[in-house]
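A.B. asks: below: sequence and its predicted model.
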Amino acid sequence: MKEFSQFLQLIGEAMPDLVSLLLCPVLLLAAGLALAVFHKEKAYLPLAIGLGGAGAFLVGCEVGASAVLFIYVAAYVVFAVLVKLLFLIPFPVRGSKEGREAELYEKFRVPLEVPADAEEEPPAEGESVRLEHALSLLEQLKKCNLSASDRLEADAIGHTLERVKGSPAEEDRRTVNDCLSTILKLTAKYKL
């Protein structure tokens, strides 16, 4: 027991008073801020308890009086609760799926331009039915909560269908059929 008390006195003499009082609260503040930024709230309580125990040990080595140690522990608990309030700050979440999808959509979205020389001829009878059906399905799809890639694809299909709306050419009929096929796959994916 005598060796232990000598060890505590040696630690108390080797460490300055200010360091033993402020080291653990400063570390708690820095770690609490980092944990709040990275949304790791569950790791805060064990960290606060561990640093509080280390701080109480250092202060106990320094002063040895139980009244001062009690005051330090009480002040540390109040400080730990105040640091816990950092978790109420709404730090932005990096790497969330919705945020990445929206960023990708905005980054790679290219508005399609309709050529100015597009002729306005009435569509063939069978094509107009397919085109109307494709457009109605596309409108239903746009009302759903689509992922960014599917939303981009739906926009591209919409622009393509608007471009071929009045053209009776054979290749445009194939384009409408391809667009309808893609729209049907998307409706099956989103269960429309």
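C.D. replies: Good, I have the coordinates.
A.B. asks: residues contacting residue 37?
C.D. replies: residue 91 (CB atoms under 8 Å, 6 or more residues apart in numbering). For glycine as for every other residue, the C-beta is placed from the backbone atoms N, C-alpha and C.
A.B. asks: okay, it and residue 89: tell me how far apart.
C.D. replies: Relative to residue 89, residue 37 is positioned 9 Å away (CB to CB, to the nearest Å).
A.B. asks: okay, now the unreliable bits of the chain?
C.D. replies: Counting by pLDDT under 70, the chain has low-confidence residues at 1, 4-5, 7-8, 12, 64, 93-99, 110-129, 166-171.
A.B. asks: now with 80?
C.D. replies: By pLDDT under 80, the weakly predicted segments of the chain are 1-20, 62-65, 92-131, 164-174, 176, 191-192.
A.B. asks: show me where it has its helices.
C.D. replies: Assigned by DSSP state H, the chain shows helices spanning 2-14, 17-37, 44-63, 66-84, 97-108, 125-142, 148-163, 170-189.
A.B. asks: right, and residue 33 touches residue 84 too?
C.D. replies: No - between residue 33 and residue 84 there is no contact under CB atoms under 8 Å: 11.4 Å.
A.B. asks: so for these two, which residue has more residues nearby?
C.D. replies: Taking other CB atoms under 10 Å, residue 33 and residue 84 do not tie; residue 84 has more neighbours (17 against 14).
A.B. asks: dump the residue contacts of the residue nearest to the more buried one when sequence neighbours are not counted.
C.D. replies: In space, not counting the residues next to it along the chain, residue 84 is nearest to residue 44; the distance is 6.6 Å by CB to CB, 6 or more residues apart in numbering. Contact partners of residue 44, counting by CB under 8 Å, 6+ apart, are 31, 32, 35, 84, 87.
A.B. asks: list the contacts of stretch 146-157.
C.D. replies: Residues contacting stretch 146-157 (CB under 8 Å, 6+ apart): 101-102, 104-105, 108-109, 112, 134, 138, 141-142, 179, 182-183, 186, 189-190.
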